[in-house]
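K.L.:
Provided below are the primary sequence and the corresponding predicted coordinates.
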Amino acid sequence: MAKIIKLNLPTKERMALIRSQATALLWYGKVETTLARAKATQSYTEKLITLAMNTYKDAAKAIKNDVDKKGVKVKKEVINDGPKKLAARRKIMSKLYDIQEQRDGKEPKAAFKARIENINHPLLEKIFNVYAPKYDERAEKLGQRGGYTRIIKLDTRKGDNAQMVRIELV
């Protein structure tokens with residue numbers, strides 16, 4: 001049985017902390033925090049990545065009736081999530097906070113809108129379209145599953161002498 005790292009916090013606060021750190025880790029690729037928080041975040045994040053890896057290939061084709069600008073009915077073939085991927089997507093959505101894409105200062109507004117046009121949940125798209133294929137290929141190549149994150153020890157924090165670490169995606 002896995003040992004639960006309690007972090008001296010009530011359950012709701014502890015889960016909110018781990019959830020926010022896992023969200024930041026998956027969005028930015030690395031987070032600096034204390035060793036205990038990093039270990040708790042590592043376990044949480046790796047389970048989410050494994051869930052995405054196991055289901056990211058599940059897709060179902062559907063035919064959608066659409067009307068174009070001239071009023072003509074057009075049939076389009078659309079690729080939707082399969083039942084397993086949809087269930088995994090919903091579970092991951094419940095375990096992470098939703099982060100919206102930010103516009104760079106130099107990026108034109110029209111280019112930003114074109115980039116995010118069909119993306120409702122950019123963090124989920126990143127997990128399923130970037131991380132899951134990457135780690136699945138790594139699992140095929142190396143023959144190992146897991147170990148998607150690493151913890152690098154840094155110096156101690158000045159105020160309370162806590163061991164600071166950087167947790168990052170491999």
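P.N.:
That came in fine, so what should we check first?
K.L.:
let me see the confidence value for the nearest residue to Ala40 once chain neighbours are set aside.
P.N.:
Once flanking residues are discounted, Ala40 sits nearest to Ile5: 4.3 Å by CB to CB, 6 or more residues apart in numbering. Where you see a C-beta, it was placed from the backbone N, CA and C, and this is true even at glycine. pLDDT recorded at Ile5 is 85.
K.L.:
quick one: low-confidence parts of the chain?
P.N.:
Low-confidence segments of the chain (pLDDT under 70): 1-2.
K.L.:
in it, which spans are helices?
P.N.:
11-28, 35-55, 83-95, 109-115, 122-126, 132-142 (DSSP state H).
K.L.:
could you list the buried residues of the shortest one?
P.N.:
Think helix 122-126. 122-124, 126 (16 or more other CB atoms under 10 Å).
K.L.:
same deal with the last one?
P.N.:
Of the residues in helix 132-142, 132, 135-136, 138-139 count as buried by neighbour count, 16+ other CB under 10 Å.
K.L.:
got the angle for that helix vs helix 83-95?
P.N.:
Put simply, helix 132-142 runs at 110 degrees to helix 83-95, going by axes from the mean of the first three to the mean of the last three CA atoms, to 10 degrees.
K.L.:
now do the contacts for Ala22.
P.N.:
41, 44-45, 48, 95-96 (CB atoms under 8 Å, 6 or more residues apart in numbering).
K.L.:
repeat that with 10 Å
P.N.:
31, 40-49, 95-97, 149, 167 (CB atoms under 10 Å, 6 or more residues apart in numbering).
K.L.:
same question for Ala59.
P.N.:
The neighbours of Ala59, taking CB under 10 Å, 6+ apart as the test, are 79-82, 85.
K.L.:
looking at the helices of the chain, which is closest to Gln163?
P.N.:
helix 35-55 (4.4 Å; CB to CB).
K.L.:
could the contacts of Ala59 go into JSON lines alongside neighbour count and distance to Lys113?
P.N.:
Below are the contacts of Ala59 laid out as JSON lines (neighbours: other CB atoms under 10 Å; distance: CB to CB, whole Å):
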{"residue": "Ile79", "neighbour count": "9", "distance to Lys113": "23"}
{"residue": "Asn80", "neighbour count": "12", "distance to Lys113": "24"}
{"residue": "Asp81", "neighbour count": "17", "distance to Lys113": "24"}
{"residue": "Gly82", "neighbour count": "15", "distance to Lys113": "30"}
{"residue": "Lys85", "neighbour count": "20", "distance to Lys113": "27"}
